[in-house]
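Colleague: Sequence unavailable; structure follows:
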C-alpha cells in the first residue's frame, strides 16, 4: 500500500519543480509549483485565523469552481498582513504562473510561507515563475525540488505516497508538506499539498479532506500557535480511470483510509520536525466521554510546555501529564486515570506505580515517546502528535526575523 | 497607599514564621504558617483542575464556616495525586498545627506546593510543625521566613502591602505568593495568602476575591499549565475597627481597589519571576467587543511561545503578535488592528509601520516589555502579564524532578 520512493508526481498526470529566486537569504529553493496535465478536481481547507494571508484569498477565489491546473508556492515570505499591495502581489503571482503555463488564472492556486508583514520582492517572484516551466519534471527530481522549495525552518522534507485499489484499478495518493514552527493547526494546517489520480466527486473530496484533517493535521502541535497561512490543497487528476468516487462507492472506505493515512504521515512528519525537536511525542487517549473530549485532552497533553520539557530531559514526570489532563476542561474522573510511558505503567487508578526509573530513562531517550492515558470514563479516543521543547526551539525563535 | 516594607504581618493581629524541616533537598525553608490572634473572616478560591490536591480538600472543609485562625504551608512536595494516604497526611498536618496552636482543627487551612505524586515525609512535617510556634513572630523576620518557606523554583519572594481608609480608620491589606512554573491560573492561582485587619462580611470577601482574581491572578501565564494546587486564601482579622465592609459600605470601592491592587502586584511578581524569565511582558488590549474577549486575546498573546521567544531575543516580530490575536477565537476585524511595542507603533490599521529597529531593540531589551493592541471594535479592555521564554526555562524544566 505504501509506495516506496513515491512522491507528489507519482499519481498520473502531475509534474513538479522548484528553484531559488532570491526570497531566502541562502541559496535554498524558495519557489515551486505542482502542475496537472488535465483540469484536476480540487479542494482546500484553510487556517481559522482571522488574519488570513493574501494568497489564501486568491486560492479561495480560484477554488470556487472546484478545479485547478496548478499550485505555485513561495517560501521565505508569508505575504501576510501586507494589505492591498500584498493582495495585488498574490494576484500577480497567479496571473504570471497562468501566463507561463497557458492556463486560466482561475485554475491556479497560490500559497506562501515565511516572515509575516513584509512585502514580497516581486522582481524575484517574477523571474522565478518565468524560470519554473523549464524546471517542471515528471520525475523524482521535480518532486524533490518542489518539496525543498516550500521549506522554511524545516530540517527535512515531508512527503508520503500510497496506492489503493478502486474499481480494480491502482489509485495513487501522495502529499508533500512543510511546517516546523507556528504549528497548532485548527481546521487546517501548515502548507500541505496532495495529489491523486483518482476520479473523485469534488464535494466528496472536500468532505474527506475536512474529516482527515480533523484526525491528522488538526491533531499536531509544536508551539500552540496557529499560522495565518495554513492551507491544505488537493488535486485529483482522475487519470486512474476509476468510476467517480463518493461515499456511496464500494471502495470509498479503502480510499478514505488511504487518504487519511497520507495526511497522518505528513502531520507526524511535521511534528517530528518541530522547531528544535529531538523526539516525536505521541499521546493516545482512551476512555474519554467522547472522541471530541479525547482530542481536546490529547492535544492539551502534547502541547504542555512542561510535558515537552520533561520529554526533552527524559524525565518520567507523570505529574505534568496529569496536570495537563486536569486542566483540559473536559470531564475526567480524577480517581481512575491510568498513565503509561510506552509499556511502562506509571499511574493506575490515579495512584503512582513503583516503576523502573532506569528503564523509563532509556525509553524516554528514544526517538519516539508514546504517552498512553486511559480515563476509564467512556468510549472516546484520540491520538495527537507533537515534539519536545528544547534549547534549540528557544535559539531558533529568539532571532527568527533578524 | 503602598506601605513600604509592609508584609503579611503588617495588618493588626497576624504573626508568621517558617523553617527548614527536610522536605527540600537544600537547607531552604520548606514549612511555614500565618496565624491570626483572633478568629479571622476567611475565604479562598481554588484551582479548576479536576485533579485537586489533598490539602485543597482539607482547606475547603475548614472554610465551610468562613473562619480561620491559621494557615500551614509546606513546599517541596505538592501532596497531589497521592490518594487516600495523601488525604490522611493533609488532615494530619491540620490536626498537628491545631494542636500546637491550641485552636480547633476546622480553623486551620493547609496548602502544599512542589513535586506531584510523591507522599509527604510526615516525620519531617511533624517535626517542622512542632517547631513552628516558637518561630512565629509579629515582625518582618517572621514574614520573611514565611515567604521563603513557600517558594519552590521561585528566585525571589513576592509580597505586597497597602493601606486604605475605611470609616476614617487605616485598614491594611497585605499578601504573599509563590509561583514560577505551571503558571496559568484559572479561577484561582498558585499559592497566595492575603491578610487584612479590615472588618469585612465573609460573603463580600469571597465575592471580592473572585472579582480581583479574574483581573489579576487569572491574567498571568508562564507556561500555560494550570497547577493541581492553586489556591488563594485570605484572612481578615477585623482589628482595624471599621464598620463591617460589604458592597453597600461607602468605602467599599476604595477597599476593593486596594485589595485588587495587592492581588495585581503579587500576580505581576509571579509573572516576572516566571521560570527562566529575563523580562516581564505586559499585554494591554483595547477595543475588543467585550472585556471577556479582551482578556482571552491578551492571555493568548502573552502565552504565545513565539511571542515569548521573540521578546527573549529582543526581536520586534509583530507578526507573531498578530498571529496570536488571530487564533484567539474572538471577534476581530482583521483590517483595523494597531500594535505598539511601548511607545513604538509597528502596525496601524493592520498595515506595517516603518519603525526604528534600533529603538525597538533597545526597548525590547528593557526590564519590562509592554505590548499594546487596539482592535477598534468596541469598548472591551484587559491586561495580561507573562514573561519571556528562555534557555533557562528549558534547563529548569528538563530535569525538575531528578
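Modeller: Yep, that arrived. This is a predicted model, so every value here is computed, not measured. Residues are numbered from 1 along each chain as shown, chains lettered A, B, ... in the order given.
Colleague: quick one: contacts for residue A:207?
Modeller: For residue A:207, the contact set (CB atoms under 8 Å, 6 or more residues apart in numbering or on different chains) comprises residue A:247. In this view, the C-beta of every residue, glycine as well, is placed from N, C-alpha and C.
Colleague: Could you report the distance from it to chain B?
Modeller: Noted for residue A:207: a distance of 24 Å to chain B, by CB to the nearest CB, to the nearest Å.
Colleague: go on, residue A:225?
Modeller: Using CB to the nearest CB, we find residue A:225 at a distance of 5 Å from chain B.
Colleague: list the contacts for the residue lying closest to residue A:218 once chain neighbours are set aside?
Modeller: For residue A:218, ignoring the flanking residues on the chain, the nearest one in space by CB to CB, 6 or more residues apart in numbering or on different chains is residue A:185 at 5.3 Å. By CB under 8 Å, 6+ apart, the residues touching residue A:185 are A:47, A:213, A:217, A:218, A:220, A:226, A:227, A:230.
Colleague: Quick check: phi and psi at the nearest residue to residue A:328 once chain neighbours are set aside.
Modeller: The shortest distance from residue A:328 to any non-neighbouring residue, by CB to CB, 6+ apart, is to residue A:300 (4.0 Å). Residue A:300 has phi and psi values of phi -70, psi -40 when expressed as degrees, to the nearest 10.
Colleague: What is the neighbour count of residue A:300?
Modeller: By other CB atoms under 10 Å in any protein chain shown, 24 other residues sit near residue A:300.
Colleague: now residue A:38
Modeller: Per other CB under 10 Å, the neighbour tally for residue A:38 reads 14.
Colleague: and the strand or helix carrying it with chain B, contact?
Modeller: Element membership for residue A:38 (DSSP states H and E) is strand A:31-46. No: counting by CB under 8 Å from any CB of the partner chain, chain B has no neighbours in strand A:31-46; the shortest distance is 12.3 Å.
Colleague: tell me what that strand is packed against?
Modeller: If you count contacts as 3 or more CB pairs under 8 Å, 6 or more residues apart in numbering or on different chains; DSSP states H and E, strand A:31-46 packs onto strand A:14-19, helix A:54-62, strand A:67-77, helix A:122-135, helix A:140-149, strand A:192-196, helix A:202-215, strand A:231-236.
Colleague: For the residue nearest in space to the middle of chain A, which non-adjacent residue is closest in space?
Modeller: Central residue of chain A (CA atoms, centre = their mean): residue A:267, 4.5 Å from the mean position. If the residues on either side of it in the chain are set aside, residue A:267 comes closest to residue A:216, at 4.2 Å by CB to CB, 6+ apart.
Colleague: For that neighbour, give me its contacts.
Modeller: Neighbours of residue A:216 in contact, by CB under 8 Å, 6+ apart: A:260, A:263, A:264, A:266, A:267.
Colleague: Cross-check the contact I'm expecting between the last one and residue A:214.
Modeller: No: look at residue A:267 against residue A:214 with CB atoms under 8 Å: they stay out of range, at 11.0 Å.
Colleague: Dump the contacts of residue A:216 into CSV; add pLDDT and secondary structure as well.
Modeller: Formatted as CSV, the contacts of residue A:216 follow (pLDDT from 0 to 100; DSSP: H, G, I helix; E, B strand; the rest coil):
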residue, pLDDT, secondary structure
A:260, 93, helix
A:263, 90, helix
A:264, 92, helix
A:266, 90, helix
A:267, 89, helix
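Colleague: Of those, just say which sits nearest to chain B.
Modeller: residue A:267 (18.0 Å; CB to the nearest CB).
Colleague: which residues of chain A fall in helices?
Modeller: Under the criterion DSSP state H, chain A contains helices at A:54-62, A:83-101, A:122-135, A:140-149, A:202-215, A:252-272, A:291-303, A:305-312, A:318-327, A:357-364, A:391-398.
Colleague: how far away is residue A:197 from residue A:104?
Modeller: Counting by CB to CB, to the nearest Å, the gap from residue A:197 to residue A:104 is 22 Å.
Colleague: And the two? Which one has more around it.
Modeller: Higher neighbour count among residue A:197 and residue A:104: residue A:197, with 28 against 13, using other CB under 10 Å.
Colleague: what's the neighbour count on the residue in the stretch 1-150 of chain A that chain B sits nearest to?
Modeller: Closest residue of the stretch 1-150 of chain A to chain B, CB to the nearest CB: residue A:116 (2.7 Å). Using other CB under 10 Å, residue A:116 is surrounded by 25 other residues.
Colleague: cool, and residue A:238?
Modeller: Around residue A:238 there are 21 residues (other CB under 10 Å).
Colleague: Likewise for the one 3 residues further on?
Modeller: For residue A:241, the number of neighbouring residues by other CB under 10 Å comes to 15.
Colleague: The one 4 residues further on now?
Modeller: Taking other CB under 10 Å as the criterion, the count of residues near residue A:245 is 27.
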